[in-house]
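Participant: would you be able to build a 3D model of this:
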Amino acid sequence: MTNSTPDILVVFDCDGTLVDSAHNVIACMRTAFEETGLPVPTDLDIRRSIGLNPDVAVRHLAREPLSDSHLEQIVTGYKTAFFHRRLRVDHHEPLFEGVREILENLASRKIAMAVATGKSMRGVNAVITQHGLDGYFGSLQTPDHNPGKPHPQMLEKAMAVACTKPEQTYMIGDTSFDMMLAKNAGCRGVGVTWGYHDEAELLESGAETLINRFEELLEIIETHRE
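Facilitator: Numbering: from 1, shown residues only. Alright, predicted model coming up:
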């Protein structure tokens, strides 16, 4: 389903944009902090850190400077908690409304797609497998092989794979980190209003426009494609 004539590239964030994972992230981050005996961040603070690389998020959430060993312990604890959580029969990371339809629609228009996320490659592949999204994305850009958002490398690599230019590339995300990523890479930032940062933050961090439903993305793309 990936594009053979890539005049446009649409890059999606994962958590908060394609899937609603906040409940899992919050639970696993709380567990990781609890296991080290350090003060546990609030649910709201954890929610607002979603999208950052785990090590960056942990440093951001800690109420005091962390040693390298404490940082590694919390990050490892978080990843381990998430791994085990995915194995539970009640594990649930639902797609947001309209995701499957927008992916199918873009694929039918021969528009290239990719993912750029703070989620691990293992986590992204788990989402793709769970929801049957194989074949839609030309590349998956994660912290496994890239600096975290808002460093532009994830978008630069996605564009290199798809052979597109920044002005032809849309970054679709729900956080200020996504919009700063788009800005740093010279791409078009499209903020979604159903995620983890509010509309004002998205606009202030560089969103070119906001959408309330995925179907609105089609009009934006077709307008710029003309």
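Participant: CA atoms for contacts and neighbours, from now on please.
Facilitator: OK.
Participant: list phi and psi for the closest residue to residue 207 other than its chain neighbours.
Facilitator: Closest residue in space to residue 207, ignoring its immediate chain neighbours: residue 189 at 4.7 Å, by CA to CA, 6 or more residues apart in numbering. Main-chain dihedrals, residue 189, degrees, to the nearest 10: phi -100, psi 130.
Participant: show me what contacts residue 189?
Facilitator: For residue 189, the contact set (CA atoms under 8 Å, 6 or more residues apart in numbering) comprises 170, 171, 172, 173, 178, 179, 182, 183, 206, 207, 208, 209.
Participant: which strands or helices does the longest helix anywhere in the chain pack on?
Facilitator: For the chain, the longest helix by residue count, based on DSSP state H, is helix 68-86. In terms of contacts (3 or more CA pairs under 8 Å, 6 or more residues apart in numbering; DSSP states H and E), helix 68-86 is packed against helix 22-36, helix 54-61.
Participant: which parts of the protein are strands?
Facilitator: Taking DSSP state E as the criterion, the chain carries its strands at 9-12, 112-116, 139-141, 169-173, 188-192, 209-211.
Participant: give me the contacts around the longest helix of the chain.
Facilitator: 24-25, 28-29, 31-33, 35-36, 54-55, 58-59, 91.
Participant: redo that, cut-off 10 Å
Facilitator: Identification of contacts with helix 68-86 by CA atoms under 10 Å, 6 or more residues apart in numbering yields 24-36, 38, 53-59, 62, 65-67, 91-93, 120, 122-123, 126-127.
Participant: can you select the buried ones from those in PyMOL?
Facilitator: Filtering these down to the buried ones (16 or more other CA atoms under 10 Å) takes a single PyMOL command:
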select buried, resi 24+25+26+27+28+29+30+31+32+33+53+54+55+56+57+58+59+92+93+120+123+127
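Participant: returning to what we had before: state the mean pLDDT of the longest helix of the chain.
Facilitator: The pLDDT scores in helix 68-86 average 93.
Participant: kindly report the same for stretch 17-30.
Facilitator: Averaged over stretch 17-30, pLDDT sits at 96.
Participant: gap between it and the chain center?
Facilitator: Stretch 17-30 sits 12 Å away from the centroid of its parent chain (CA atoms, centre = their mean, to the nearest Å).
Participant: phi, psi for the most far-flung residue of the chain relative to its centre please.
Facilitator: The C-alpha centroid of the chain is most remote from residue 37, which lies 29.0 Å away (CA atoms, centre = their mean). Main-chain dihedrals, residue 37, degrees, to the nearest 10: phi 80, psi 10.
Participant: need the pLDDT of it.
Facilitator: At residue 37, the model reports a pLDDT of 92.
Participant: show me what contacts it?
Facilitator: Contacts for residue 37 (CA under 10 Å, 6+ apart) come out as residue 31.
Participant: CSV for the helices and strands packed on helix 68-86, including distance to residue 135?
Facilitator: CSV is the format used below for the helices and strands packed on helix 68-86 (distance: least, CA to CA, whole Å):
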stretch, distance to residue 135
helix 22-36, 25
helix 54-61, 27
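Participant: between the ones you listed, which one is closest to residue 15.
Facilitator: Of all the helices and strands packed on helix 68-86, it is helix 22-36 that lies closest to residue 15, at 7.6 Å by CA to CA.
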